[in-house]
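K.L.:
Kindly return the folded structure for what I paste below:
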Amino acid sequence: MKDQKIMLVDGMALLFRAYYATAQSGYIRRTKSGIPTNAIYGFVRYLWDAVQLYNPTHIACCWDVSSKTFRTEEFAAYKGNRSAAPDDLIPQFDLILEVTESMGIPNLSAPGYEADDCIGTISRELEADMEVLILTGDHDMLQLVDERTSVIIMKKGYGNYKVYTPESLMEEKELTPAQIIDMKALMGDASDNYPGVKGIGEKTAIKLVKEYGTIAGILENLDQLTPSIRTKIEKDLDMLHMSHRLAAIHREVPVVCSLDASLLLLEDDIVLTKFEELEIKSLCSMLGVGVF
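P.N.:
From the prediction side, this is the model:
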């Protein structure tokens, strides 16, 4: 299976990106009966552009199924700053699962865990047998990069990507994948709403991790730090350790990705039926469906 590769898709990252890319213009694509489909339409376009560019043989979509996870149990404010999904996006959450299903793409999730954890688990299980590509907009996923797993970050604009390998990650950030977790633990994450060490930003976090290697290395050398940095870390030690646990993607969650089920093989009739139902049939030519 060395010539095979699987693309693991961060479903919510694609769906939200697709929604806001068009919603900001004020136009929401809808069916004749009024069902919003702009996020679905954009999702398929984003997904298929990446498929055509990176040519995976297999594909699976991972989803966040609940706002309650082991992270919110540990830190109630985790992601507590997120606003509710827009009304026009809500009906598209279930519909996108029907769309991916019609394309023969498995929808995977694990209660109590996030899509990141599912992707981390599956990549760990499959990378010995095949190349793994992770499609996301979330830089937290960079901790999953290794010799067999690349992270494809969607940049602003359609068809614009940055591919991270261990080499390109080191070149850009001068950090190893594991050090991404240490950096996040120190600086926190405003998007996920955990603080890290108060007063330590990205620049200082990267400098400390580069110099001492790990959080443990930093803590062993507190006497080498400036009094200001040392005081900040000592004052927020519990938060530092908790932020490290929140930042780390769990790679042993109860999720299974079948290679047979994830083989990329479109069945024209099924795709056509679902796309016609949602009045997005114009996408079929992009997918090569119904074109003879």
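K.L.:
Please enumerate the helices of the stretch 1-150 of the chain.
P.N.:
For the stretch 1-150 of the chain, applying DSSP state H, counting those that start in this stretch gives helices covering 11-23, 38-54, 70-74, 90-102, 115-126.
K.L.:
Redo the ones you listed as JSON lines? Include mean neighbour count, distance to residue 254 and mean pLDDT.
P.N.:
Bear in mind the C-beta positions are built from the backbone N, C-alpha and C, glycine included. Shown next, in JSON lines, are these (neighbours: other C-beta atoms under 10 Å; distance: least, C-beta to C-beta, whole Å; pLDDT from 0 to 100):
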{"stretch": "helix 11-23", "mean neighbour count": "20", "distance to residue 254": "18", "mean pLDDT": "94"}
{"stretch": "helix 38-54", "mean neighbour count": "20", "distance to residue 254": "25", "mean pLDDT": "97"}
{"stretch": "helix 70-74", "mean neighbour count": "15", "distance to residue 254": "12", "mean pLDDT": "92"}
{"stretch": "helix 90-102", "mean neighbour count": "17", "distance to residue 254": "19", "mean pLDDT": "97"}
{"stretch": "helix 115-126", "mean neighbour count": "24", "distance to residue 254": "8", "mean pLDDT": "97"}
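K.L.:
Columns distance to residue 217 on top of those helices, output as TSV?
P.N.:
Shown next, in TSV, are the helices of the stretch 1-150 of the chain (distance: least, C-beta to C-beta, whole Å):
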stretch	distance to residue 217
helix 11-23	32
helix 38-54	36
helix 70-74	24
helix 90-102	43
helix 115-126	24
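K.L.:
Quick one: closest of those helices to residue 161.
P.N.:
Each of these has some distance to residue 161 by C-beta to C-beta; the shortest is helix 38-54, at 7.2 Å.
K.L.:
just the angle between the closest one and helix 11-23, please?
P.N.:
110 degrees (axes from the mean of the first three to the mean of the last three C-alpha atoms, to 10 degrees).
K.L.:
Restricting to C-alpha, output helix 38-54 in CSV.
P.N.:
What follows is helix 38-54, C-alpha atoms only, in CSV (Å, rounded to 0.1, in the frame of the first residue of the first chain):
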residue,chain,number,x,y,z
ASN,A,38,-23.9,27.9,0.2
ALA,A,39,-21.6,26.1,2.7
ILE,A,40,-22.3,22.8,1.1
TYR,A,41,-21.6,24.1,-2.4
GLY,A,42,-18.4,25.7,-1.2
PHE,A,43,-17.4,22.6,0.8
VAL,A,44,-17.6,20.4,-2.3
ARG,A,45,-15.6,22.9,-4.3
TYR,A,46,-12.8,23.2,-1.7
LEU,A,47,-12.7,19.5,-1.2
TRP,A,48,-12.6,18.5,-4.8
ASP,A,49,-10.0,21.1,-5.6
ALA,A,50,-7.7,19.5,-3.0
VAL,A,51,-8.6,16.0,-4.3
GLN,A,52,-7.6,17.0,-7.8
LEU,A,53,-4.4,18.6,-6.6
TYR,A,54,-3.1,16.0,-4.2
